[in-house]
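Engineer: could you look at this predicted model? Sequence included:
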Amino acid sequence: MTLEALTFQNSFGSHPNLTYLNLSNAGFGGVIPHQLGNLSKLHYLDIGSSYYYDPISINVEDLEWISGFPFLEYLDMTNVNLSKASNWLQVMNKLHSLSSCELLAIDPLPHVNFSSLLILDLSENYFISSSFDWFVDLSSLTTLNLISSNIHDQIPSHLRNMSSLRFLDLSNNYFASPIPDWLFHMTSLEHLDLRSNVFQGKLPNDIGNLSFITDLDLSDNALEGDILRYLGNLCALQVSKFSHRRQGKSLVNLIGNKLSGSFPDTSGECKCLKDLDLGENWLSGISSLRYLNIRENFFKGILSEKHHANLTSLEELDASSNLQLTVRVSSNWTPPFQLKRLYMGSCFVGPQFPAWLQTQKNLYDLNLSYAGISGVIPTWFWTRSYQTVDLSHNQIIIPTWFWTRSYQTVDLSDNQIIGSIPSLYSTYMHLASNNFTGSLPHISSGVTELDLSNNLFRGSLSPMLCQGRTNKEEKRLQSLDVSGNLLSGELPN
């Protein structure tokens, strides 16, 4: 149905007191009737469409009718064709109550006075000129969206007057200049997106002034310089990206530029920093780095020996939950570091157990769950003293003498391990979802938590629970799960 067919008299003329009207994505097409302007009490009007290439297009021939909305606060005409409405900006200038405006517009005019405008969305336009002198009077704006608007050359200098601006998106344009210093003096900014442009040159030293920034994306540009020494100043930073891709997740992503430099001590001061992505840059000088956490990101590709070459002081590495990350090193590789903790769960490390771990004499916490490891775990591994070992959700084989060893926490669940278990000595033992058979094992007095669920154990529960009573051995068992087995007999009292 066309909007002309919605005759004003029959449809809206009988509702002169309307304050809210939303016709967005309703399938209307054609020319917006000028009689709509008679709804003079409207505060909210949405006649936009979320479909950029909508076969049923909406257009206007003139926008003078918008002047009839003295109380209008919100206007959305996204993807409405305004190419014939040469007076759009002059008309908008009369809406002194307007606080949010979303338009698919044409090239701007030289001057406006939107004294109350807070939100302006002009994304996905095709501006012919890069002159934005009319920005000079938009001092009250808190949100400005100019994504994919065919803007060239430099960032409009009048943006520096928007002292209240918190959200600025200039992504997917053609800015081909250095990022101006003044942009990083807009200290109210919380979201800054400059991705997918042609910004070049060194990052301004003043980037550290953005102390309230929570979302920073400079990805897919040609920036140079040492970003890392400013991370400590960006203490509120939650999402920072210098990469090719956007994943909608809180992360620091430095991919796809020409950044270089060293990790400073101040990088640890970013308490809200969620994730750090350093790929495809020229970073060096990280020999002093002791702790590296890149868990729960979207890294993909191969992590090889060269990625670790400079990490001579590394003691803890957490790369967990990067589902598309593969570790591929030679069988005789000797790392330059000595780890104490290694967490690589949900990364592909297999199929062989990593031989380089034999060089890690100080390792006491290890998580290689969901790592694609299969086969026999080498003897040297089990002769070490560990606090925590998690090899769950693999397909490993355990030697029979393993059960005589004692660790603080061991998780071997979901490995399809076969055979019987004579005794258990580790404090926290998780052996669920394997193929263990025979009677339930003897457990030492130090076992606190034991999960033997979903196996093939047979027989009675009594021998395991009642053992040691004759010599008054005190049991510390607090949690026991033997569900999903083939047990029988009476429950012990």
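Structural biologist: Cool, the structure landed. Numbering: from 1, shown residues only.
Engineer: who touches stretch 404-414?
Structural biologist: 369, 382, 385-394, 396, 398, 423, 425-434, 444, 446, 451 (Cβ atoms under 8 Å, 6 or more residues apart in numbering). Glycine gets a C-beta too; all of them are placed from N, C-alpha and C.
Engineer: out of these, which are inside strands?
Structural biologist: Of the contacts of stretch 404-414, the ones assigned to strands by DSSP state E are Thr388, Val389, Asp390, Ile396, Ser423, Tyr428, Met429, His430, Asp451.
Engineer: put the buried members of those residues into a ChimeraX selection.
Structural biologist: In ChimeraX, this line selects whichever of these come out buried by 16 or more other Cβ atoms under 10 Å:
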select :388,389,390,396,428,429,430,451
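Engineer: I'd like the average pLDDT over stretch 24-42.
Structural biologist: Averaged over stretch 24-42, pLDDT sits at 78.
Engineer: show me where pLDDT drops low in the stretch 151-300 of the chain?
Structural biologist: For the stretch 151-300 of the chain, the stretches with pLDDT under 70 are 225-288, 297-299.
Engineer: again, only this time at 80
Structural biologist: 203-205, 207-208, 211-214, 219-220, 223-289, 291, 293-300 (pLDDT under 80).
Engineer: with the stretch 1-150 of the chain instead?
Structural biologist: The low-confidence ranges in the stretch 1-150 of the chain, as defined by pLDDT under 80, are 1-16, 24-30, 34-37, 47-70, 72-73, 76-117, 124-139.
Engineer: quick one, helices of it?
Structural biologist: With helices called from DSSP state H, counting those that start in this stretch, the stretch 1-150 of the chain shows them at 8-11, 88-92.
Engineer: sorry, back to before: for the ones in strands among the contacts of stretch 404-414, which one is nearest Ile294?
Structural biologist: Asp390 (18.3 Å; Cβ to Cβ).
Engineer: who does the closest one form a beta bridge with?
Structural biologist: Asn367, Asp411 (DSSP bridges).
Engineer: and it, what does it touch?
Structural biologist: Gly345, Leu366, Asn367, Leu368, Ser369, Thr409, Val410, Asp411.
Engineer: do Arg295 as well
Structural biologist: Per Cβ under 8 Å, 6+ apart, neighbours of Arg295: Asp275, Asp318, Ala319, Ser320, Ser321, Asn322, Tyr343.
Engineer: give me the number of residues near the closest residue to Asn394 other than its chain neighbours?
Structural biologist: The shortest distance from Asn394 to any residue other than its chain neighbours is 4.3 Å, reached at Ile373 (Cβ to Cβ, 6 or more residues apart in numbering). Look at Ile373: counted by other Cβ atoms under 10 Å, it has 21 neighbours.
Engineer: check Ile373 and give its pLDDT.
Structural biologist: So Ile373 comes in at 95 (pLDDT).
Engineer: what does the one 5 residues further on give?
Structural biologist: Looking at Pro378, its pLDDT reads 91.
Engineer: check Leu311 too.
Structural biologist: pLDDT, read off for Leu311, is 81.
Engineer: next, give phi and psi for the residue nearest to Trp356 when sequence neighbours are not counted.
Structural biologist: Leaving aside its sequence neighbours, Trp356 sits nearest to Trp333 (Cβ to Cβ, 6+ apart; 4.9 Å). Trp333 adopts backbone torsions of phi -70, psi 140, taken as degrees, to the nearest 10.
Engineer: residues touching Trp333, list them.
Structural biologist: By Cβ under 8 Å, 6+ apart, Trp333 lies in contact with Glu305, Ala355, Trp356.
Engineer: include distance to Leu118 when you put those into TSV, please.
Structural biologist: Converted to TSV, these look like this (distance: Cβ to Cβ, whole Å):
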residue	distance to Leu118
Glu305	53
Ala355	60
Trp356	56
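Engineer: could the residues you listed go into JSON lines alongside secondary structure and pLDDT?
Structural biologist: Putting the contacts of Trp333 into JSON lines (DSSP: H, G, I helix; E, B strand; the rest coil; pLDDT from 0 to 100) gives the following:
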{"residue": "Glu305", "secondary structure": "helix", "pLDDT": "85"}
{"residue": "Ala355", "secondary structure": "helix", "pLDDT": "94"}
{"residue": "Trp356", "secondary structure": "helix", "pLDDT": "95"}
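Engineer: closest to His185 among the residues you listed?
Structural biologist: After measuring the contacts of Trp333 against His185 - Cβ to Cβ - the closest member comes out as Glu305, at 43.0 Å.
Engineer: gap between the closest one and Arg384?
Structural biologist: For Glu305, the distance to Arg384 equals 23 Å [Cβ to Cβ, to the nearest Å].
Engineer: pairing partners for Leu303 in the sheet, please.
Structural biologist: Applying DSSP bridges, one finds that Leu303 bridges with Val327.
Engineer: assess the claim that it and Leu311 are in contact.
Structural biologist: No: if you go by Cβ atoms under 8 Å, Leu303 and Leu311 don't touch, sitting 11.7 Å apart.
Engineer: hang on, Trp356 packs against Phe337?
Structural biologist: No: contact criterion Cβ under 8 Å: Trp356 and Phe337 do not qualify, at 10.6 Å.
Engineer: which of these two has more residues huddled nearby?
Structural biologist: More crowded of Trp356 and Phe337, by other Cβ under 10 Å: Phe337, with 20 against 16.
Engineer: does Ile147 touch Leu168 like I think?
Structural biologist: No: using Cβ under 8 Å as the test, Ile147 is too far from Leu168 to be in contact (10.3 Å).
Engineer: doesn't Ser346 fall inside a helix?
Structural biologist: No: membership of Ser346 in a helix is not supported by DSSP: H, G, I helix; E, B strand; the rest coil, which gives coil.
Engineer: so what's the residue count around it?
Structural biologist: 21.
Engineer: distance of it from Thr326?
Structural biologist: 12 Å.
Engineer: same check on Ser426?
Structural biologist: 30 Å.
Engineer: more neighbours: which of those two?
Structural biologist: Ser426 (23 against 16).
Engineer: can you tell me how far the more buried one is from Gln387?
Structural biologist: 10 Å.
Engineer: now swap in Ser406 and tell me
Structural biologist: 11 Å.
Engineer: buried ones in stretch 31-44?
Structural biologist: Ile32, Pro33, His34, Gln35, Leu36, Gly37, Asn38, Leu39, Leu42, Tyr44.
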